[in-house]
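Novice: mind looking at a prediction? Sequence and model below.
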Amino acid sequence: EKNVTGLGPAGVCIRTNMPSIVIDSEVDPGFTSWRELARKYAIRSAIGCPIQDGDRPFGCLLVYSKIPNAFGPDEVVLFQSLAKEIGFGLRLIDRQQKLDSQIHEKEKIQERLSDALKATIEAMSKTMEWRDPYTAGHQKRVASISMAIARQLGWSEEPIQALYMAAMVHDIGKVAVPAEILTKPSHLTDLEVRMVQEHAETGYQILKDIPFPWAIADWVRQHHERLDGSGYPRGLKGDQICEEARILAVADTIEAMATHRPYRAARGLLAAMDEIQSQAGDKLDPRVVQ
């Protein structure tokens, strides 16, 4: 005789959304398909209770016994309650998995946005290098030095990356300075110096409306400020100058002195180190210099 499946306690439970009991596997007609297997494992009775998602069953708690007629009214109540708790737990797990998936997707989106922001910053940096070939790579080298200093100071990676982006555009305000002044092979007049000095404020004005997660515009604005108030554009002193700008100031001084400029040859890294040490405490942050 052909065995018919789906008539056992699990199948009936799922279809009816009600507890299903096999009193004795040896005589229950719905258990015919599993009778031989039941004998192998000494199964004589069973109960199936629906595991529900709302009003619909999505699973079955199936319990077996080696004695017939093992499941009376008390056992039905017990296993119905257990099935309800299992359903609750499974739904929580499902929701958590969906939430984890959403969080992972948001993290991927955030990573793509972060990469796009970094690429945009680097593209902005290149526009300055095309206008002023003598300082090609200056901003990138300042960024590398700034990151190295920040790591030595024990910064974590996210603020280091933010500092990198600020350094990559710290001279973006020079876009407003005539190219002939930027590339002038002799010393600048007082008026030309003031025009160049305006790049810190101009950089702030360019960047201030970009919704960075960090105060990059302020860091750029302050990178020529000095502890004694002798810097520009606002003559800030001491603690008025943020730590990011203090790092940029040291990195900018090192890079500017160590490399070639149109009006002078490179003075070299040793001279640059002597210079920042001589300014430590008065103009530059001694901890950053160290």
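Specialist: Perfect, thanks for sending it.
Novice: how about residue 176: what's its closest non-neighbour residue?
Specialist: In this structure, residue 176 finds its nearest non-sequential neighbour in residue 202, 4.7 Å apart by C-beta to C-beta, 6 or more residues apart in numbering. Every C-beta, even on glycine, is put in place using the N, C-alpha and C of the backbone.
Novice: continuing past the strand or helix carrying that neighbour, what's the next helix or strand?
Specialist: Assigned by DSSP states H and E, residue 202 belongs to helix 199-207. In the C-terminal direction, the helix or strand that comes right after helix 199-207 (DSSP H and E) is helix 216-222.
Novice: counting by contacts, list what the helix or strand following that following helix packs against.
Specialist: Note on helix 216-222: by DSSP H and E, the next helix or strand toward the C-terminus is helix 243-258. Other helices and strands packing on helix 243-258, by 3 or more C-beta pairs under 8 Å, 6 or more residues apart in numbering; DSSP states H and E, are helix 138-152, helix 157-168, helix 216-222, helix 269-279, helix 286-289.
Novice: can I get those in JSON lines with distance to residue 254?
Specialist: Below are those laid out as JSON lines (distance: least, C-beta to C-beta, whole Å):
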{"stretch": "helix 138-152", "distance to residue 254": "6"}
{"stretch": "helix 157-168", "distance to residue 254": "12"}
{"stretch": "helix 216-222", "distance to residue 254": "17"}
{"stretch": "helix 269-279", "distance to residue 254": "5"}
{"stretch": "helix 286-289", "distance to residue 254": "10"}
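Novice: minimum distance to residue 10: which of the ones you listed has it?
Specialist: Of all the helices and strands packed on helix 243-258, helix 157-168 sits nearest to residue 10, with 51.9 Å by C-beta to C-beta.
Novice: report the distance from that closest one to the chain centre.
Specialist: 14 Å (C-alpha atoms, centre = their mean, to the nearest Å).
Novice: ok, residues contacting that helix?
Specialist: Helix 157-168 has contacts (C-beta atoms under 8 Å, 6 or more residues apart in numbering) with 114, 117-118, 121-122, 124-125, 139-140, 142-143, 146-147, 150-151, 155, 212-214, 216, 219-220, 244, 247-248, 251.
Novice: among those, the buried ones, what's the PyMOL command?
Specialist: In PyMOL, a selection of the buried entries from the contacts of helix 157-168 looks like this (16 or more other C-beta atoms under 10 Å):
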select buried, resi 121+122+124+125+139+140+142+143+146+147+150+155+216+219+220+244+247+248+251
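Novice: how about the nearest residue to residue 275, chain neighbours excluded?
Specialist: residue 257 (5.7 Å).
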